[in-house]
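Peer 1: Predicted coordinates and the sequence they were generated for:
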Amino acid sequence: MSDPNAYVLISPCRNEAAFMRRTLDSVVAQTVAPALWVIVDDGSTDETPEILAQYAAAHDWIRVVHKPDRGHRAVGPGVVEAFYAGLDTVDQSQFAYSCKLDLDLDLPPGYFAGLMARMQANPRIGTCSGKPYIRQNGTLVSERRGDEMSVGMTKFYRRECFEAIGGYVREVMWDAIDCHKARQLGWQAVSWDDPELRFEHLRPMGSSQSSIYTGRRRHGRGQYFMGSDPLFFAASCVFRMAEPPLILGGLAMMQGYLAAWIRRMPQLDDPDLRRFIRAYQRRALVVGKARAVAEIEARQAHLVAAAQA
């Protein structure tokens, strides 16, 4: 691989006809186009296949992979499964970066160029993203995602970091577990709220094919699976109570967590990482997320330095 700006996009999708043209057009308009974009049609029953065929015919760097219809929209592990159906068709050694990209986003033209410039300036950044905004009453409003995570709908990865963490866990909360694992191994995970990296999320995060409450309960179960500290997660639920649906959304998150706890559902099969996550969360309750992350990054810096050497 000779091009330091070569990146591949992998997009799982199902029945995205209502949103996908805006995503497709915003990627086509990027100042640095992807070397390859693999879009996995996960059994769509609307106009998605026809729209994908149009764009693939117009752009030779767009490749469509079709999966059979499973009969329903799958979130969490289903999305990761579809992602890997696309990634498995790619020679990753040909690309410096990869990105799991949803098809319900409207990206600014310099989005990917901006991410790569920041990563090239700091070789410890393993995964990054901009910040999602949703439109409410005609105004773009932040979805309030922390600076210490790359967001799940646009996970941009340095190839070496993605390989080091072993890729994505095929469970709910894959999009937080990956950042914690990267940090445990000495990489930095980050998102920026700079104007040139803000993008519009056309479907609210945490929503579901059933209802937003189903999505929030699923999030709570995922936090239990990840091994989140109960007190830290309770504080997170209170924080999310300020977002629509007011109060009830945060309560639904806690309901999902407690239901998983009471049933003693399986947890992430990585005890060291679960302990690492809880230690970070407990420290964050005392000193705040930014300082807790900075302490970890200082403590783990030698790991990436040794690997890169």
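Peer 2: Yep, that arrived.
Peer 1: if I look at the closest residue in space to residue 33 that isn't next to it in sequence, how far off is residue 130?
Peer 2: In space, and not counting its chain neighbours, residue 33 is closest to residue 61: 6.8 Å by C-beta to C-beta, 6 or more residues apart in numbering. The C-beta positions use only the backbone N, C-alpha and C, and glycine is treated the same way. From residue 61 over to residue 130 the distance is 22 Å, taken as C-beta to C-beta, to the nearest Å.
Peer 1: Give me the three-state assignment for the nearest residue to residue 34 once chain neighbours are set aside.
Peer 2: Leaving out its chain neighbours, the residue that sits closest to residue 34 by C-beta to C-beta, 6+ apart is residue 9, at 4.9 Å. Put simply, residue 9 is strand when judged by DSSP: H, G, I helix; E, B strand; the rest coil.
Peer 1: Measure how buried residue 9 is and give me the count.
Peer 2: 25 (other C-beta atoms under 10 Å).
Peer 1: so who does residue 113 touch?
Peer 2: 5, 30-32 (C-beta atoms under 8 Å, 6 or more residues apart in numbering).
Peer 1: Filter these down to the ones in helices?
Peer 2: Using DSSP state H, no member of those sits in helices.
Peer 1: of these, buried ones?
Peer 2: Buried subset of those (neighbour count, 16 or more other C-beta atoms under 10 Å): 5, 30, 32.
Peer 1: Tell me the one among the residues you listed nearest to residue 80.
Peer 2: Using C-beta to C-beta, residue 30 comes nearest to residue 80 of the buried ones among the contacts of residue 113, at 24.6 Å.
Peer 1: For the closest one, give me the pLDDT.
Peer 2: Residue-level confidence at residue 30 comes out at 98, pLDDT.
Peer 1: Next one: it from residue 64, what distance?
Peer 2: On the measure of C-beta to C-beta, residue 30 and residue 64 end up 19 Å apart.
Peer 1: Over to residue 213?
Peer 2: 34 Å.
Peer 1: what's the answer for residue 195, then?
Peer 2: Distance from residue 195 to residue 64, by C-beta to C-beta: 33 Å.
Peer 1: same question, residue 218
Peer 2: Residue 218 is 28 Å from residue 64, by C-beta to C-beta.
Peer 1: No further questions, thank you.
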